[in-house]
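Participant: With the sequence up front, the predicted model follows.
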Amino acid sequence: MSEKNREGKRTAREKLAVEREKQKSADKRRRALIVGGAVVAVLGLAAVIGVVAANAGKDDDSEASGPVVAPSGAQGKDGLAIPVGKDSAKSTLTVWEDFRCPACKSFETAYRPVIHELTNAGQLKVEYHLVTLIDGNMRGTGSRNAANAAACAQDAGKFPAYHDVLFDNQPPEVDDAYADNGKLIELAGKVDGLDTPAFRACVEDGKHNGWVAKSHQAFDKGDFSGTPTVLFDGENIYQDRTMTPAKLKQMVQEANQG
């Protein structure tokens with residue numbers, strides 16, 4: 001083979017090698033672009049999902065709270081207490097309750113007759129604070145919706161009777177039946193004169209939801225152990241295992257004699 005032919009073959013091999021290297025480099029660039037594009041797409045999707053989730057959370061929070069509208073006649077700090085009884089009563093019972101709370105129903109069942117007797121006699125004033133503890137523990141909105149409905153009943157001057165109806169018809173703790181405003185309106189039919197267009201609108205619009213949320217915040221800040229929390233002239237009597245309806249009545253009567 002002549003020297004010229006050998007030189008020609010060597011040049012051809014070198015050109016082929018150069019072309020192969022160029023092809024490899026081009027393939028690497030394409031793969032990098034594809035992977036990079038996929039990463040950007042995934043990150044972009046994650047960012048969109050994050051924004052949607054964040055906005056959804058904000059919407060839920062604003063919807064759950066809303067403006068703080070206290071019910072008619074509410075008293076105490078920030079207007080968070082619904083009073084029952086005469087302001088002139090010498091004794092005050094402060095009750096923190098959740099309409100989904102079974103222990104609250106047990107308290108009401110045992111103490112209600114005495115409390116009614118004493119408030120009707122002008123010897124005891126009760127300040128009710130409404131709490132949404134079970135909503136947080138069991139999930140749902142029944143505690144909040146029932147509390148809002150009770151506040152609507154307070155606007156109509158029917159709180160004591162409707163309060164009792166809600167506890168008398170309390171669903172099982174795991175059943176969030178009071179989340180249904182229709183159920184709450186249906187129960188209003190058990191209280192003479194309560195089921196009116198104004199009451200229905202108040203319930204369905206969640207007029208007092210913000211006030212209920214603020215009431216629960218006050219409960220959290222109070223560092224109470226649970227519901228019901230029952231204070232007699234500031235002293236926690238529900239934790240007193242010797243407490244009975246008869247003993248409570250005696251305490252109130254003694255305070256009125258003093």
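Facilitator: Cool, the structure landed. Residues are numbered from 1 along each chain as shown.

Participant: Specify the local secondary structure of residue 86.
Facilitator: With DSSP: H, G, I helix; E, B strand; the rest coil as the basis, the three-state label of residue 86 is coil.

Participant: Not counting residues beside it along the chain, what's closest to it?
Facilitator: With sequence-adjacent residues excluded and distances taken as Cβ to Cβ, 6 or more residues apart in numbering, residue 86 is closest to residue 122, at 4.6 Å. (Each C-beta comes from the backbone N, C-alpha and C, glycine too.)

Participant: now the helices: where do they sit in the chain?
Facilitator: Assigned by DSSP state H, the helices in the chain fall at 3-65, 102-120, 133-138, 142-155, 159-168, 181-188, 197-205, 209-221, 245-257.

Participant: weakest of those by average pLDDT?
Facilitator: Mean pLDDT across the helices of the chain is lowest at helix 3-65; the value there is a mean of 43.

Participant: Spit out the contact partners of residue 129.
Facilitator: 80, 81, 82, 94, 95, 96, 97, 215, 218, 219 (Cβ atoms under 8 Å, 6 or more residues apart in numbering).

Participant: Show me what the second one bridges to in the sheet.
Facilitator: In this structure, residue 81 bridges to residue 75 when assessed by DSSP bridges.

Participant: and what of the fifth one?
Facilitator: In this structure, residue 95 has beta-bridge partners residue 128, residue 230, where bridges are defined by DSSP bridges.

Participant: quick one: it and residue 128 touch, right?
Facilitator: Yes: in this structure, residue 95 is within contact of residue 128 by Cβ atoms under 8 Å, at 5.4 Å.

Participant: Could you check which of those two is surrounded by more residues?
Facilitator: The residue with more neighbours, out of residue 95 and residue 128, is residue 95; 25 against 22, by other Cβ atoms under 10 Å.

Participant: wait, what's in contact with that one?
Facilitator: Applying Cβ under 8 Å, 6+ apart, the residues near residue 95 are 107, 126, 127, 128, 129, 228, 229, 230, 231.

Participant: Excluding chain neighbours, what is closest to residue 238?
Facilitator: Using Cβ to Cβ, 6+ apart, the nearest residue to residue 238 is residue 230, at 4.0 Å.

Participant: From residue 82, how far out is that neighbour?
Facilitator: Residue 230 sits 15 Å away from residue 82, taking Cβ to Cβ, to the nearest Å as the criterion.

Participant: and what of residue 109?
Facilitator: For residue 109 relative to residue 82 (Cβ to Cβ), the value is 20 Å.

Participant: okay, now residue 176: neighbour count?
Facilitator: Using other Cβ under 10 Å as the criterion, residue 176 is surrounded by 19 other residues.

Participant: Surely it is in contact with residue 137?
Facilitator: No: the criterion here is Cβ under 8 Å, and residue 176 misses it with residue 137 at 11.6 Å.

Participant: was I right about residue 81 contacting residue 125?
Facilitator: No: Residue 81 sits out of contact with residue 125 when judged by Cβ under 8 Å, with a separation of 9.9 Å.

Participant: With neighbour numbers in mind, choose between these two.
Facilitator: Comparing residue 81 with residue 125 by neighbour count (other Cβ under 10 Å), the higher total belongs to residue 81, at 24 against 21.

Participant: Which residues lie in contact with that one in this structure?
Facilitator: For residue 81, the set of contacting residues under the criterion of Cβ under 8 Å, 6+ apart consists of 74, 75, 94, 127, 128, 129.
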